[in-house]
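[1] next come a sequence and a model predicted from it.
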Number of protein chains: 2
Amino acid sequence: MTVSRALKEGSRVSKATREKIMAAVNDLGYVLDQSAGSLSSRKTGFVAAIVPSINNSNFADTARGITDELESTGLQLLLGYTDYTAEKEEKLIEAMFRRRPEGIILTGGAHTERARRLLKSAGIPVVETWELPAKPIDQVVGFSNEEAMGLLVKTLARKGYRKFGYIGGTTSRDTRGSQRREGFIRAIEELGLPPGRLVSFGVPPISIEQGGQAVVSMLERWPDTEAVLCVSDLSAFGALMECKRRGMRVPQDIAIAGFGDYEVAAFCHPGITTVNVDCYGIGQQAARRLIQSIRGDEKQRRQEIVLTGYRVVEREST
Amino acid sequence: MTVSRALKEGSRVSKATREKIMAAVNDLGYVLDQSAGSLSSRKTGFVAAIVPSINNSNFADTARGITDELESTGLQLLLGYTDYTAEKEEKLIEAMFRRRPEGIILTGGAHTERARRLLKSAGIPVVETWELPAKPIDQVVGFSNEEAMGLLVKTLARKGYRKFGYIGGTTSRDTRGSQRREGFIRAIEELGLPPGRLVSFGVPPISIEQGGQAVVSMLERWPDTEAVLCVSDLSAFGALMECKRRGMRVPQDIAIAGFGDYEVAAFCHPGITTVNVDCYGIGQQAARRLIQSIRGDEKQRRQEIVLTGYRVVEREST
DNA sequence: TATTGATGTGGTATCGATAACATACCTTTG
DNA sequence: CAAAGGTATGTTATCGATACCACATCAATA
């Protein structure tokens, strides 16, 4: 028992005893077993986070934000990838719940029925991120993808563009992608512009290469398209490079915009107009709220929706 | 006990009992507690992996390879980032060992003395990746960064370039970066070319922006540089874009090459010559070897070094 | 001096699963 | 028909920590 105390911060053990214990610990190479500790104290020190993908996506930054925020708390992150499918998300939630996380961070608001049940009955704080779900489970840290894309359309319309095209992935699994497309369509309607041209290409997350291929099919079908908006900066970059490869001038012959403000969008030539959405901050805030709910007063825990900011970043591509 | 059996695959429980149990489980929303299971069975089902960073780096692909390979085995990945420092690695190893992982995958061969002790005394399989450490702890899945960079130099020298420059990060913390620089210097020596020009810029992982800034300082100091090799494709991309912004022709005025074969290198314009190193495969193979060591016969476990392939991919930038 | 409180240490039960063994019942086989 | 073997289920101890309570010691206070 004294050993257990000696190894915890801030418990009262005399200096002499602690030193003796530490010496023995070093000598033996003893390492505490947290599985046993978790079982006894009913605190696992785990936090679960589930993101669609971590490769070439904004979610890597969100994961990073979570990790950084968690670092000082001694909580361990359990990270999982859904590949943009709700089924895989359900499986991940189930697998992670076996580890008894003290809180969970999700991406988006689309979950299977079973997943919702699991989440609700687990009795731990849940934070949904990156969207504003219609029926939040608990807490939310995100923004409206629809409005953000709408703002981009309006910004470009103000510059005089009228014939808009949109490039996104093929399936509706990527709910944020779908929301952006909806926002695109709606904004164009509201502005009374000619209907937007939609090209769906590739399984989300759509790659640089697929962005290039998509813009080709866009131009084949609607050669007079003036501005192409893409579901992400990577596809926008692919589209941009493909256009340049074909000798088109950007933005004179065609304007291109992306979403997410990846580093590549800022430093490619020409720079890509995009929407900055503070991916890192989403992770940070989600983690912060989770920590508050876990460590803080039960009463203090309020179900709140945190709106994270976004802004259009205009560059040379439009 | 029968419940425990019913919830495991491949244990013998009568169909009727299993159904009754499953019904109750569904009814109650019961979820197995793996902390307790781990304690009892002395198998945690955890595998630890430590990478320098997961943002904009090849290691995201390696992590992905590990995750994919682990998926079917029921092992959970504990992922940590070192930010390229051995001290943080040591802390991570310590924190993760409290969770009693059944195996651990590391990046590189540079560890603190204490970390080496911990790793050796843990009695679990260890796989070092991405390098060929001089003193391997256990197993290795990697390649020689020195040779790979040397091959790139030789390939370009064969095309007629003679005045080479190298762009990398400022500190030696990034051991792979240092090894690549060493390979660069040595290859140039071997070829009897004029000494390479070295620019160190920014804390690893060096960004697109820093690549651009580095090439500027390279050209200020050595305006006649013919070919610039960069520690990674991202910095190469930044350098390329900066050169184009300044109206230079690539590769006529200056050739640029990177390392890592990121997607951006393939699809930017002009495409960037680089070294492809199968990041995903490194993760896959490391995980496979770990699984074999964990699940397989103790005798079958041999300390082996797996060389992963690399190849120079020539594109328009050289 | 007796009482109180602070401090440090030790004893015991417990967390929730599984390993290992025990038992009951049924089927097969010589 | 008895012995042997297979199948399904139950019993008990245990994994390694911590919660909770008990107790010893010593200083401060009434």
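    Arrived safely. Note that the structure is predicted; figures quoted are calculated from it, not measured.
[2] which stretches of chain A form helices?
    Secondary structure of chain A, counting by DSSP state H: helices at A:2-6, A:15-28, A:34-41, A:59-71, A:86-97, A:113-121, A:145-158, A:175-191, A:208-221, A:233-245, A:263-267, A:279-295.
[3] which residues of the stretch 51-200 of chain A lie near chain B?
    A:54-56, A:60-61, A:63-64, A:67, A:76-79, A:81, A:94-95, A:97-100, A:117-118, A:121 (C-beta under 8 Å from any C-beta of the partner chain). In this view, the C-beta of every residue, glycine as well, is placed from N, C-alpha and C.
[4] mind checking how far residue A:78 is from residue B:265?
    Between residue A:78 and residue B:265 the computed distance is 33 Å (C-beta to C-beta, to the nearest Å).
[5] per-domain residue ranges of chain A.
    Split into domains by automatic domain parsing, chain A comes to A:2-32, A:44-143+A:279-309, A:145-276.
[6] a markdown table for those domains, including mean neighbour count and mean pLDDT?
    Below are the domains of chain A laid out as a markdown table (neighbours: other C-beta atoms under 10 Å in any protein chain shown; pLDDT from 0 to 100):
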| stretch | mean neighbour count | mean pLDDT |
| --- | --- | --- |
| domain A:2-32 | 12 | 85 |
| domain A:44-143+A:279-309 | 20 | 93 |
| domain A:145-276 | 21 | 95 |
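[7] and of those, who's closest to residue B:193?
    Counting by C-beta to C-beta, residue B:193 lies closest to domain A:145-276 out of the domains of chain A; the figure is 30.4 Å.
[8] and whatever residue of chain A ends up closest to DNA strand C, what is it in contact with?
    Proximity of chain A to DNA strand C (C-beta to the nearest atom of the strand) peaks at residue A:12, 3.0 Å away. Residues near residue A:12 by C-beta atoms under 8 Å, 6 or more residues apart in numbering or on different chains: residue A:5.
[9] same question for the one 10 residues further on.
    With contact taken as C-beta under 8 Å, 6+ apart, residue A:22 is in contact with residue A:6.
[10] write out the residues of chain A neighbouring DNA strand D.
    Where chain A comes near DNA strand D, counting by C-beta under 7 Å from any atom of the strand, the residues are A:1, A:4, A:7-8, A:32-33, A:36-37, A:39-41.
[11] among the domains of chain A, which is nearest residue B:306?
    Between the domains of chain A, domain A:44-143+A:279-309 lies closest to residue B:306; by C-beta to C-beta that is 22.8 Å.
[12] start and end of the closest one, how far apart?
    33 Å (C-alpha to C-alpha, to the nearest Å).
[13] how far out from the middle of the chain is that domain?
    10 Å (C-alpha atoms, centre = their mean, to the nearest Å).
[14] that domain close to DNA strand C?
    No: Domain A:44-143+A:279-309 lies apart from DNA strand C when judged by C-beta under 7 Å from any atom of the strand; the minimum separation is 8.4 Å.
[15] residue A:285 and residue B:163: what is the separation?
    Applying C-beta to C-beta to residue A:285 and residue B:163 gives a distance of 50 Å.
[16] how about residue A:32?
    Counting by C-beta to C-beta, the gap from residue A:32 to residue B:163 is 57 Å.
[17] same check on residue A:157?
    Taken as C-beta to C-beta, the span from residue A:157 to residue B:163 is 50 Å.
[18] mind listing what residue A:276 touches?
    A:260-261, A:310-313.
[19] bridged to it, which residues?
    Per DSSP bridges, the residues bridged to residue A:276 are residue A:311.
[20] could the domains of chain A be laid out in JSON lines, adding distance to residue B:133?
    Formatted as JSON lines, the domains of chain A follow (distance: least, C-beta to C-beta, whole Å):
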{"stretch": "domain A:2-32", "distance to residue B:133": "22"}
{"stretch": "domain A:44-143+A:279-309", "distance to residue B:133": "26"}
{"stretch": "domain A:145-276", "distance to residue B:133": "31"}
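[21] my read is that residue A:289 contacts residue A:138, right?
    No: taking contacts as C-beta atoms under 8 Å, residue A:289 lies outside contact range of residue A:138: 9.6 Å.
[22] overlap in contacts of these two?
    Common neighbours of residue A:289 and residue A:138 (C-beta under 8 Å, 6+ apart) are A:125, A:127.
[23] re earlier: residue A:198 is nearest to which of the helices of chain A?
    helix A:175-191 (7.0 Å).
[24] and the angle from the closest one to helix A:145-158?
    40 degrees (axes from the mean of the first three to the mean of the last three C-alpha atoms, to 10 degrees).
[25] gap between helix A:175-191 and the chain center?
    19 Å.
[26] most proximal residue of the stretch 1-150 of chain A with respect to DNA strand D?
    Closest residue of the stretch 1-150 of chain A to DNA strand D, C-beta to the nearest atom of the strand: residue A:4 (2.7 Å).
[27] can you tell me the centre-most residue of chain A?
    By C-alpha atoms, centre = their mean, chain A has its centre lying nearest to residue A:59, at 4.0 Å.
[28] list the contacts of whichever residue of the stretch 151-300 of chain A sits closest to DNA strand D.
    For the stretch 151-300 of chain A, the residue closest to DNA strand D is residue A:295, as judged by C-beta to the nearest atom of the strand, at 13.6 Å. Residues in contact with residue A:295 (C-beta under 8 Å, 6+ apart) are residue A:73.
[29] could you redo the last one with a cut-off of 10 Å?
    Neighbour list for residue A:295: A:73, A:75, A:102-103 [criterion: C-beta atoms under 10 Å, 6 or more residues apart in numbering or on different chains].
[30] please apply the same query to residue A:109.
    A:128-137, A:140, A:142, A:175, A:179.
[31] wait, which of these is closest to chain B?
    residue A:137 (15.2 Å; C-beta to the nearest C-beta).
[32] residue A:158 and chain B, how far apart?
    27 Å (C-beta to the nearest C-beta, to the nearest Å).
[33] pretty sure residue A:2 is touching residue A:24, no?
    No: the pair residue A:2 / residue A:24 is not scored as a contact, 11.5 Å apart, by C-beta atoms under 10 Å.
[34] which residues touch the residue of the stretch 1-150 of chain A closest to DNA strand D?
    Residue A:4 neighbours (C-beta under 10 Å, 6+ apart): A:11, A:13, A:21, A:32, A:37, A:40.
[35] return the member of these nearest to residue B:86.
    residue A:32 (22.5 Å).
[36] with adjacent residues omitted, what lies nearest to the closest one?
    Distances taken as C-beta to C-beta, 6 or more residues apart in numbering or on different chains place residue B:98 nearest to residue A:32, at 5.2 Å, with adjacent residues excluded.
[37] tell me the contacts of that neighbour?
    A:31-35, A:37, A:45, A:76.
[38] and it, how far from residue A:76?
    9 Å.
[39] again, but for residue A:284
    Remark: distance between residue A:284 and residue A:76 (C-beta to C-beta) = 17 Å.
[40] equivalent analysis for residue A:195, please.
    50 Å.
[41] check residue A:280 too.
    Taking C-beta to C-beta, one finds residue A:280 at 20 Å from residue A:76.
[42] check residue A:15 too.
    30 Å.
[43] check residue A:149 too.
    From residue A:149 to residue A:76 the distance is 36 Å (C-beta to C-beta).
[44] equivalent analysis for residue A:264, please.
    If you go by C-beta to C-beta, the gap between residue A:264 and residue A:76 works out to 32 Å.
[45] bridged to residue A:128, which residues?
    residue A:106, residue A:140.
[46] what sits against it?
    The contact partners of residue A:128, by C-beta under 10 Å, 6+ apart, come to A:104-111, A:119, A:135-142, A:286, A:305.
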